[in-house]
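S.K.: What follows is a predicted structure for the sequence shown.
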Amino acid sequence: MTSDRLPDDCFALPPGVDWTPVDVALRGLRDRLECVVSVERRPVDQALGCRAAADHHARRANPPTANSAVDGYGFAFDSVRAFPATLPLIQGRSAAGSPLSEAVPAGHAVRILTGAPIPAGVDTVVLQEDVSIEGGTLSLPGSIKCGANTRKAGEDVCVGQVALGASRQITAADIALTTALGIDGLDVYRPLRVGILSTGDELVPAGYLAPDNAEIYDANRPMLLSLARRWSHEAVDLGHVRDDRGALRRCLDEAARSVDVILTTGGASAGDEDHVSSLLREEGTLNHWRIAIKPGRPLALAMWKGAPVFGLPGNPVAAFVCALLFARPSLEVMAGGVWLEPQSFDIPAAFEKRKKVGRQEYLRARVRNGRAEVFPSEGSGRISGLSWAEGLVKLDDGARSIAPGDPVSFIPFGSFGL
Ligand SMILES: Nc1nc2c(c(=O)[nH]1)N[C@H]1C(S)=C(S)[C@@H](COP(=O)(O)OP(=O)(O)OC[C@H]3O[C@@H](n4cnc5c(N)ncnc54)[C@H](O)[C@@H]3O)O[C@H]1N2
Ligand code: MOO
């Protein structure tokens, strides 16, 4: 069961709204969704991809003590009157894990290794390649800076500083950082359970051996399960239901009890067999946000017995684009993270296109020779274009005539967490 539930009017649209601009739809989701998962404690090394449920503070500094950045020789800068100079070397050395216990007398030098604590009486380290040693005497070069090759205690992070902010999605780098700072457990949100359901009489499962020509392999479900996993959610395979209202109702009922959010594909449009949108409209709380977007226009957003439902279009390209644009930031907020804005950059087009006013368009694209190429077809059943692409070109709502060399906005798939 979920720890919390969203209100049924979560996706309600203002009266009279018909074609919803993408930005309005996104703002609506952003304003209304909230975290629905409880907090648990995990060892740091098992928290990859989780969202931090609180600020975590450094329990020790990094580095905890001043140490040497190189293998070389340490001495007190002020004890040398002029460079170049010679200094007697004392016995012993400071190494990582076995520091020198005594102080180094003024005017003397000591052997010191990378990572070794700086002994008392030393503030500067000279690189071993820059010196020569003869009979226990060290010859220093002409130009050395006070404090050279040393790392100060806490120069990276001080005790008590925030090491990991609440809501941050934990990366491998965060695991290194929190471990280095002596934090042994993290308060994180338990993974969001994302149920994935395919609908349609024509679908057969992957591996089905003898499909006839009217049958289609269910490509959306493994695609969305993979996306949910990639975004570090718990992906729950809800299987496939035929175009049968009773079966769909039973499946949604069961799913609403066992997952936090449901992603369906197919049946979102207005055809005779589009049972997802009609069932959600009649028995759930549907707001059939006909979004001013291509691909992905028939995106159905609804609540079913307390669980948000993203009724994604059946066409795989539309399902993919809607998952990236709408589901990803929404799931992130429900999982305890922050709303995610994909980062884009302008790049010259390598293509020509005339675009109509009144909707956003997302083209499968990739960058070659510093220009954005787009897939030759915009057909939303052309899955090969998704594989070909390395990102999306976003075209805003206005009309536009694009010539090669004109700037277009490119969003790499990496910006969608892929
Ligand atoms: N009269 C209208 N017809 C359509 C409209 C419209 O506004 N008015 N919108 C079109 C757009 S745009 C899209 S996108 C599709 C979406 O329709 P549905 O969500 O109802 O999807 P289906 O009709 O069930 O399927 C569409 C297409 O995708 C294939 N499909 C479905 N599920 C899968 C799957 N799991 N794996 C692979 N392929 C799948 C399905 O076989 C169809 O070819 O509606 C347009 N029509
Ligand atoms: O939203 Mo649809 O993808 O344009 O076919």
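M.R.: Done, it's in. Ligands and ions are numbered 1, 2, ... in the order given.

S.K.: now the closest residue to ligand 2 within the stretch 101-250 of the chain, nearest residue through space, not along the chain?
M.R.: Relative to ligand 2, the nearest point of the stretch 101-250 of the chain is residue 220 (12.2 Å; C-beta to the nearest ligand atom). Yep, even glycine has a C-beta here, placed from its N, CA and C like the rest. Take residue 220 and drop its neighbours on the chain: the residue closest to it by C-beta to C-beta, 6 or more residues apart in numbering is residue 265, 4.1 Å away.

S.K.: Check whether residue 293 really touches residue 361, as I assumed.
M.R.: Yes: assessed by C-beta atoms under 8 Å, residue 293 is found in contact with residue 361 at 7.4 Å.

S.K.: higher neighbour count, the two?
M.R.: Set residue 293 next to residue 361 and count neighbours by other C-beta atoms under 10 Å: residue 293 wins out with 25 against 20.

S.K.: From ligand 2, how far off is that one?
M.R.: To ligand 2, residue 293 is 7 Å away according to C-beta to the nearest ligand atom, to the nearest Å.

S.K.: Show me the shaky parts of the protein.
M.R.: Applying pLDDT under 70 to the chain flags the ranges 1-4, 8-17, 288-289.

S.K.: For whatever residue of the chain ends up closest to ligand 1, which three-state class applies?
M.R.: Here the chain gets closest to ligand 1 at one residue, residue 314, 2.5 Å apart by C-beta to the nearest ligand atom. Three-state assignment for residue 314 (DSSP: H, G, I helix; E, B strand; the rest coil): coil.

S.K.: Helices of the stretch 101-250 of the chain, start to end?
M.R.: Taking DSSP state H, counting those that start in this stretch as the test, the helices found in the stretch 101-250 of the chain are 172-180, 220-230, 245-258.

S.K.: before we move on, the earlier item: and the residue of the chain closest to ligand 1, how many residues sit next to it?
M.R.: A count of nearby residues for residue 314, using other C-beta under 10 Å, gives 25.

S.K.: Would you mind listing what in the stretch 201-350 of the chain touches ligand 2?
M.R.: Residues of the stretch 201-350 of the chain lying close to ligand 2 by C-beta under 6 Å from any ligand atom are 294-297, 313, 315, 317-318.

S.K.: repeat that for 5 Å
M.R.: Applying C-beta under 5 Å from any ligand atom, one finds that the stretch 201-350 of the chain approaches ligand 2 through 294-297, 315, 318.

S.K.: If you count neighbours, what's buried in stretch 184-192?
M.R.: Across stretch 184-192, burial judged by 16 or more other C-beta atoms under 10 Å covers 186-192.

S.K.: Please apply the same query to stretch 363-383.
M.R.: Across stretch 363-383, burial judged by 16+ other C-beta under 10 Å covers 363-367, 371-375, 378, 380, 382-383.

S.K.: Same question for stretch 198-215.
M.R.: Neighbour counts over stretch 198-215 (16+ other C-beta under 10 Å) mark 198-200, 202-203 as buried.

S.K.: How about residues contacting it?
M.R.: Applying C-beta atoms under 8 Å, 6 or more residues apart in numbering, the contact partners of stretch 198-215 are 216-218, 220-222, 239-243, 248, 264-267, 273, 275-276, 314.

S.K.: now do the same end-to-end measure for it.
M.R.: For stretch 198-215, the first and last residues are 14 Å from each other (C-alpha to C-alpha, to the nearest Å).

S.K.: and if you look at stretch 273-290?
M.R.: Length of stretch 273-290, first residue to last, C-alpha to C-alpha: 18 Å.

S.K.: what do you get for stretch 159-166?
M.R.: 18 Å.

S.K.: now stretch 381-399
M.R.: Using C-alpha to C-alpha, the two ends of stretch 381-399 sit 25 Å apart.

S.K.: So which bits of that stretch are buried?
M.R.: Buried residues in stretch 381-399, defined by neighbour count with 16+ other C-beta under 10 Å: 382-383, 385-386, 389-395, 397.

S.K.: need those residues in CSV with distance to residue 258 and secondary structure, can you?
M.R.: Below are those laid out as CSV (distance: C-beta to C-beta, whole Å; DSSP: H, G, I helix; E, B strand; the rest coil):
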residue, distance to residue 258, secondary structure
382, 34, coil
383, 29, helix
385, 34, helix
386, 29, helix
389, 34, coil
390, 36, coil
391, 34, strand
392, 33, strand
393, 38, strand
394, 35, strand
395, 39, strand
397, 39, coil
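
S.K.: Let me have the residues you listed in a markdown table, extended by distance to residue 347.
M.R.: Output for the buried residues of stretch 381-399, formatted as a markdown table (distance: C-beta to C-beta, whole Å):
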| residue | distance to residue 347 |
| --- | --- |
| 382 | 23 |
| 383 | 25 |
| 385 | 19 |
| 386 | 20 |
| 389 | 14 |
| 390 | 12 |
| 391 | 10 |
| 392 | 12 |
| 393 | 9 |
| 394 | 11 |
| 395 | 13 |
| 397 | 20 |
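
S.K.: Tell me which two in these are the farthest apart.
M.R.: 383 and 397 (26.7 Å; C-beta to C-beta).

S.K.: Show me which residues of the stretch 101-250 of the chain are close to ligand 1?
M.R.: With C-beta under 5 Å from any ligand atom as the criterion, the stretch 101-250 of the chain meets ligand 1 at residues 198, 200, 216, 218-220.

S.K.: can I get these in a markdown table with distance to residue 159?
M.R.: Shown next, in a markdown table, are those (distance: C-beta to C-beta, whole Å):
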| residue | distance to residue 159 |
| --- | --- |
| 198 | 52 |
| 200 | 58 |
| 216 | 59 |
| 218 | 53 |
| 219 | 52 |
| 220 | 50 |
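
S.K.: Of the residues you listed, which pair is most distant in space?
M.R.: Farthest apart among those by C-beta to C-beta are 200 and 219. That separation is 11.4 Å.
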